[in-house]
Structures are given as C-alpha cells and as structure tokens.
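In: Have a look; sequence and predicted model below, questions after that.
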Amino acid sequence: MVSNQISEIVNMVSISKEFPGVQALDGVSFSCKRGEIHSLVGENGAGKSTLIKILGGIFPPDAGQIRLRGQEIVLRSPHSAQLAGIMIVHQEFSLVPYMSVTDNILLGQEDCNLLGFIKSSSMRNKAERALKVVKTNLDPNAFIVNLGAGEQKLVEIAKAITAAPDILVVDEPTAPLTKKETQDLFKVLNDLKQKGTAIIYISHHLEEIFQIADRVTVLKDGKKVATKAITETNEDDVIKMMIGRELGDMFPEKKTISITDNIMTVRHLTRKDELFDINFHLQRGEILGIAGLQGQGQDILLRTIYGALEKDRGEINIDDKHVRIRSPKQAIKAGMALVTDKRGAEGLCLLLSVRDNLALPTLDQRHQLGIIQQGNEHTTVTQTISELNIQTPTLGKQVRFLSGGNQQKIIVGKWLIADPRIVLFINPTAGIDVGAKTELYRLMRALVEEKDMGIIMVTSDMLELIGLCDRVLVMYEGRIVSEISGSEATEEIIMRAAVGRANHKTDNPKYCTT
Amino acid sequence: MAASNNKPSFDNLKNQPTTILYLGLISFIIVLMIALPQFRTARNLSNILLRAVPLLAVSFGQTMVLLGAGIDLSVGAVIALSTTVASVSVDKSIIGGIVLVLASGMAVGLINGLGVTILNINPFLMTLGTTIITGGIALYIRPYPGGIIPLEYVDFVLAKVGVFPLTPFILFIVIILLGLILLRKSRFGRHLYAVGGNSDAARLAGINTKFVLTGTYITSGFFAALAGLYMTARICCGDPAVGATYQMDSIAAAVLGGTALTGGRGGMEGTVIGVILLAMLGNIFNLMNFNIYWQNILRGVILVVVVSLSQLRARKLKENYSR
C-alpha cells in the first residue's frame, strides 16, 4: 500500500466544487500513477470536465487538496499547472488559426537567442520531432486554418507533449478522428505510458477505454461511484455504474397518444461529415426525445431541420407536404420554433424588457406602417405571462435580471405567441432550478396535449428522456442508431445505444454480443 | 480529414493576401510610369518617399495594435503633441529633445495599454480618451503653430544627397526591416499573433497577454512620436493641428495591406504596400489636379472595395476552419 502511494504522481483528495445552483463535484478523490492510463467516465454533467479544469488550474476547488509527487500543491493558473508538469489537451480547439503548425506547437516555448529572436531551424526541428511522435507527416509550415479537424487535434497533442509533461490529460480526443487516426493516437499514448507519463483519458466511448486504459473511474452527479482496474470490470458493469437515478415525481403523467397522424417526416437528411441519412417522423401530440452522448450530432440535427445549418441532402415534409427550409425564417413560416440552452446568445435580447422580448418574433403581425400597436401587444403579452406563470415584477423589467427558469419561460412564451406547430428544444432545462424544470415539463406536456403540437427535444438528461418523452431516438456518430418507445425506455437501454452498443457493428465482432 | 492530406506550401503562398497585393502594386506602378511622365521624375518619386515616411512609422505601430485585436486612435494626437514638445525642446538640446519626444509618445502608449489591459476599457474608447487628452496637452504647450527649429535638426532629419532624400530613405528601410523582424522573427511578434488570433490559447500556453498588448500600444506611441519628430522638421515648427489625418490613414494603410481588425492576421508586408499605395494615390491626385473633395471620395471608395474583397476571402477561410 505504501509503494502504491509513492507511485501515484497525482492525487486529488476529496475535491468539491459548487457552481451557482449545481454541486459540480462532491468530495471526489482521483489519482493517477506514473506509466498508467487512467480513464474518467460518466454521463454529460457528471463532473469530469470540472475535475480536469481544477487539475489544470483553470479554477480552484472549494474544498479538497491536490497532491503532486506526494506534496500538496496549489494550482493558481493554467500556467502554474503547466510548470508543475500538467498538460491538458482540451476538448475544444485551442490553436491559433492563422499561425503555422510549428508556431502553434511551440507557442509559449519558443526557441530564442538572447535578443528574443526566433531560431526558426531549431523550432522547425523540434516541431518535426513532435509531429513524428504523434505519427503524422503534416507539413510543419502549414497554416492551422488549412487543416482538417483530425489533423488539428494531432497538432494539439503534439503541442502538449513537447513540454514533456509528467501528467497528460486528454479530454475526448477521438471525436474528430477517423478510426485509423484513433488507433495511431492510442499507439502514441501507449508509447508515452511506457516512458512513464501518467495519462488521464476522458472519453464517452467505452470500447476505447477498454482498449487502452489500466484503471477506470466512474463519476455520477459530481460524486465518484468507483475506481476499478480495467481487468476487474466490464462494459456492462461500467454502464450500470454510470446510470441509476430516481425519477421522482417531477414529471407529469404521459397520456397514450390517441391521434397518430404524422405532423412532420424527415427523410434522408444528410450533412457532410455530421449527419448521415437521418430518417424519422414526429407525431401530432407527442414529445420525441433525442438522446446521445455529447456531440453525436443531436444539436446539429435540430439546427439543420430549423434551417440554421445547411443540409446537403434530404427532405422535410410537414403534414405530408414537402416544405423547403433554407433559413430559420422559412422554418418559422412553416410553423417551427427553436428553443435552445444558449438563452443569452440565441434566445433573448438580455437588455430588452420582458415585453419587448415576448413581442419580438411577432412584431410583423402587429404594426401599422411600421408603428407598433402597443395596446394589442400589451394584451397578448400579459396573457402569455399569466399562462406561463412568468415571475416578473413589471413588463418593463430587463430580462437579464430574471432567473434562468423565467428566462426560459419567456423564450417559450415568445414562440407560443407566434403559434407554432412544432417546437424544437435543445437542452431546455440546462442551468435552471428544479422547480422551474417541473413547470417547464408540465408546460411541454400541455402544449402537445392541449394544443396538438409536436415537440422534439434534444437533452443530455436521462431522466427527462425517460420521464417526459413518448418516444426516444438515440444518436451515435451522426446516425440514429435506436428507437425506443417511452414506456420501454430505461437508462440502461438508452445508455447502451448511446455508447454505440445497440447497433450492429459488423466490423468489430467483439461488440455484437448483445 | 486524413492525416496524409498535406497541403503544399504553394497553397499557403496563395492564401497570403500580400502576394496579390504586391502584384497589384507593381503593375499599378508600371502603368503609372508609362502613362504619367510627370510621375516618373526623380523629384516626384522622392516627394512620394518624403510623404510616405511618417505614415509608414505610424502604420507600423497601428498594425501591431490591430494584430492584437485593438485599435489606436491616439496616434494623430501623439504626432501633434510630439511636434509641440519638439518645438520647445530641440532648440535647447537636439538629442535631449528627441529623447523627450519619444518618451512622451511611449508614455501615452503605456497609458493606453494599461487602460485596455488592466482597467479593461474598450480600446476604441480608451484611445479616444487619450486622443482628447493628448490633443489638449499639445494645445496647452503651443496654442498656435510656432517655435524655432534649429537648422541642424532639419538638415539632419531631411539630409539629402543631390535630390535623393538620404535620411528619410534610411528611416523608411529601417522601419520596414524593424517591422518585419519584430513581427516575423521575434518571440514578441509570435506571441502577439497568438494573442490576437486566439487569446485563450495564448493564455493557456503561458503567454502574458496583458504584457504583449501593452507592448503594442507603447510601440505605437513610440512610432507616432517618431513620425512627429519627422513632421517637425518638414513643417519647421510645432503645430498642435498637424497629424489628425494619420489617425484614419494609418488604420486604412494597415487594413488595405490585409491586416484584420479582429486581430491575429496580417503584418508589416501588407502595411508597407498600404502605405505606398496611399502615398502614391495622394501624389497622383495632385499631379492630375483633382480637387481635395474628389480625392477624399475616391480614397474612401478604394478603401471600401479593397476591404470588402479581403472580407470575402476571410469568410472562405473561416468556413474551412470551422469544418
């Protein structure tokens, strides 16, 4: 046991972190040894990123300590984490687009002479060496903007390992990579492991974890479920640890759908590299859930249907009539509305009043010669506020002063005034409190049942999928891989499909056992 | 997507806006040489050079600030301040006066930089504020043009060999080389591109972004003061009203040369062309006896056309990146 402690190069003890309204981490302990690949898994929002950001010095923990090489350390900034030998390859891109591969790899660690001039040839040599380590033959002079997503990811990894870190964290590196690039990356990670680097590997893909990790730690709702040696567990076991929460009485009762005509049909919807031949239909009076791990194309699917992103192929029928949707404006005209989790960026004008926000999408119907008919507006707005139970002191209050839940209700409300038939939701309850969530669920239920609308909801919250949806489609790598009826949906069934195990991967017989 | 998809370096060359600009500029000059006999006289060419030197100095500083996604409106006021400070100091000691002027320019830059990075003031507003303050100080020092500028100073700054303006030419070349080396060959330059291109990435790579940005404003202040010293010799007095046109012309020159207002893209190569173009345009308009109103209208139109062309290109590149 004592020798074990010494070989643990990094040891995070009882880390807690609270964000407004969310306990992101609650007493989580995590460690990694030299020459070990330790995988961190969990559902979206389980606390993986928070834990890694604390290790990377991006923000401090509220409680707990970090021990590095046996000594307690305080990481004040990303820079101090790097000096301590911790390098993180973040999930989002962190390259400078208009600079060369070489300059990006050696950013902040340039080779200079005494006068501060760059030594180009030695920079280039170093960059070439780093690129060789990640097994790519990229041109070190190429500009980042001219590279594909997979190539950019390799550059980021090359950049991280040039600093020769003792601890390397890779957060979801394989999302933009092809199968071959993924295997190459695993070779790179195994090489580094042989050299004694401690590697923390975050991934949604269980198959990857069982391929390269030595240990796996499962997080759920900000708590650690277990840490196990990879040889002592299996995929089913890990899935079971990732799931398992109580439904509670947050959700309104589902009713069996009596009307069964299709309100919308989507056929062969395709978007290059992101969506592959998507086919599904939406029934009148139903809430259709779209499940999947982060970044499997769920948001892109809704935005493409809504015309905010271009599609390459495919057609959309509403009420059995083909509709041409190339822009959000056309989508609105066809009777759609989109409510997203980016309330500030996409949903509301934060500096405008409650009234102005609610009236915005329907201004066209309420003016004469460009002058807004205030009286009419007042009636509609007041009615919506009472219908949705929006808590605001006055109609003139700027919406930035309202709570997340009330803001979300205003977004829903402004679309309801426009009287849509199909409402698309993307993570509608992200960042709002439980009470407001429950209200929103009841509202969504009421919309489909009383107003005959159809709702499509993308969410990463398992409970919402099970508790609220009449039907669940599961996406994996830009495809719909499974359809599950609301009455049959369980966390386990959804999670299996979401990690790519419900579909038939004939090229990999190991995963066809279920 | 595939790792083997290597782009030849020719593609990078093609994506450099400066390549097209250089070709355009050279053909433009050739056409002028042939079409306008008065243009190709030695006297006229040296005139263009004399005109271009202060603009080049200011535009270099402006380019640095723009690369860091900032903007420096105070350069015109710094020129005015510099001529007035010079007009009360160079007659006592030439070296002392020069040092004083350059230091005051850098001080304005330092204030700009600290305001932008420490107080988090929007660069446009911060430098607008210092423009007004600096302009006020210039008027306080010298409410109307005047002062005695020693002849040795003028002879030194505008030293000629025959009709060839030697010192201005040396200044011109030195500023260009300084710009190229600083931006392309120095660690500071590399960090500046990183801060302007993706400041999060730069910060995560351990770069002190505030230091880098403040450095750009100080450089800009320094070169605006240098332009002021040069102007002092040309107009032979201190004038609180001189320099106002440099504010917009320096931004125009940098942007014409392909430097993006959003930071991280562009450089000295392009700015040199922008400066020569603007100086030549003014010269041609004069030769062709265009009145000042038409000159302004045409210059504005050219700016808008060139910038919109570069926007189209940027959009294409951006689509590529987001994919």
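Out: The structure has been received and is ready for your questions.
In: I'd assumed A:Glu488 was in a helix, is it?
Out: No - A:Glu488 is assigned coil when assessed by DSSP: H, G, I helix; E, B strand; the rest coil, not a helix.
In: That one - how many residues pack around it?
Out: Applying other C-beta atoms under 10 Å in any protein chain shown, we find 10 other residues in the vicinity of A:Glu488. Just so you know, the C-beta spots here come from the backbone N, C-alpha and C atoms, and that holds for glycine as well.
In: And the one 3 residues further on, by the same measure?
Out: Summarising burial for A:Glu491: neighbours were counted as other C-beta under 10 Å, giving 20.
In: give me the element the residue of the stretch 101-250 of chain A found nearest chain B is part of.
Out: Ranking the residues of the stretch 101-250 of chain A by distance to chain B (C-beta to the nearest C-beta) places A:Gly108 first, at 3.4 Å. Of the helices and strands defined by DSSP states H and E, none includes A:Gly108.
In: ok, it - contacts?
Out: B:191, B:194, B:202, B:205-207 (C-beta atoms under 8 Å, 6 or more residues apart in numbering or on different chains).
In: ok, 7 Å please
Out: The contact partners of A:Gly108, by C-beta atoms under 7 Å, 6 or more residues apart in numbering or on different chains, come to B:205-207.
In: could those be laid out in a markdown table, adding pLDDT?
Out: Formatted as a markdown table, the contacts of A:Gly108 follow (pLDDT from 0 to 100):
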| residue | pLDDT |
| --- | --- |
| B:Ala205 | 81 |
| B:Gly206 | 80 |
| B:Ile207 | 86 |
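In: Now list the buried members of those.
Out: B:205-207 (16 or more other C-beta atoms under 10 Å in any protein chain shown).
In: For the stretch 101-250 of chain A, which residues are neighbours of chain B?
Out: Proximity of the stretch 101-250 of chain A to chain B is confined to A:103, A:107-108, A:110, A:112, A:116-118, A:136-139, A:141-143, A:145-146, A:148-151, A:154, A:178, A:181 under the rule C-beta under 7 Å from any C-beta of the partner chain.
In: Make a ChimeraX selection of the buried ones in those.
Out: Typed into ChimeraX, the line below selects the buried ones among those, using 16+ other C-beta under 10 Å:
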select /A:103,107,108,110,112,117,118,136,138,139,142,143,145,146,148,150,151,154,181
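In: For the stretch 51-200 of chain B, which segments count as helices?
Out: Assignment of helices within the stretch 51-200 of chain B using DSSP state H, counting those that start in this stretch yields the ranges B:75-89, B:94-117, B:123-141, B:151-157, B:166-180, B:187-197, B:199-204.
In: Buried deepest among these, which one?
Out: Each of the helices of the stretch 51-200 of chain B was assessed for mean neighbour count using mean count of other C-beta atoms under 10 Å in any protein chain shown. The highest is helix B:75-89, with a mean of 29.
In: Would you mind pulling up the elements that that helix packs against?
Out: In this structure, helix B:75-89 packs against helix B:42-67, helix B:94-117, helix B:123-141, helix B:209-235, helix B:244-256, with contacts taken as 3 or more C-beta pairs under 7 Å, 6 or more residues apart in numbering or on different chains; DSSP states H and E.
In: what sits up against it?
Out: For helix B:75-89, the external contacting residues (C-beta under 7 Å, 6+ apart) are B:58, B:61-62, B:96-97, B:100-101, B:104-105, B:108, B:131, B:134-135, B:137-138, B:141-142, B:147, B:149, B:220-221, B:224-225, B:227-229, B:231-232, B:237-244, B:246-247, B:250.
In: Quick one: low-confidence residue ranges for the stretch 201-323 of chain B.
Out: By pLDDT under 70, the weakly predicted segments of the stretch 201-323 of chain B are B:310, B:313-323.
In: Tell me which residue of it lies closest to chain A.
Out: Closest to chain A within the stretch 201-323 of chain B is B:Ala205: 3.4 Å, counting by C-beta to the nearest C-beta.
In: Tell me who's in contact with that residue.
Out: Residues counted as contacts of B:Ala205 (C-beta under 7 Å, 6+ apart) are A:107-108, B:194.
In: Report pLDDT for residue 170.
Out: Let's take chain A. Turning to A:Val170, the model gives it a pLDDT of 92.
In: actually it's chain B I care about, not the one you picked
Out: At B:Ile170 the predicted local distance difference test score is 94.
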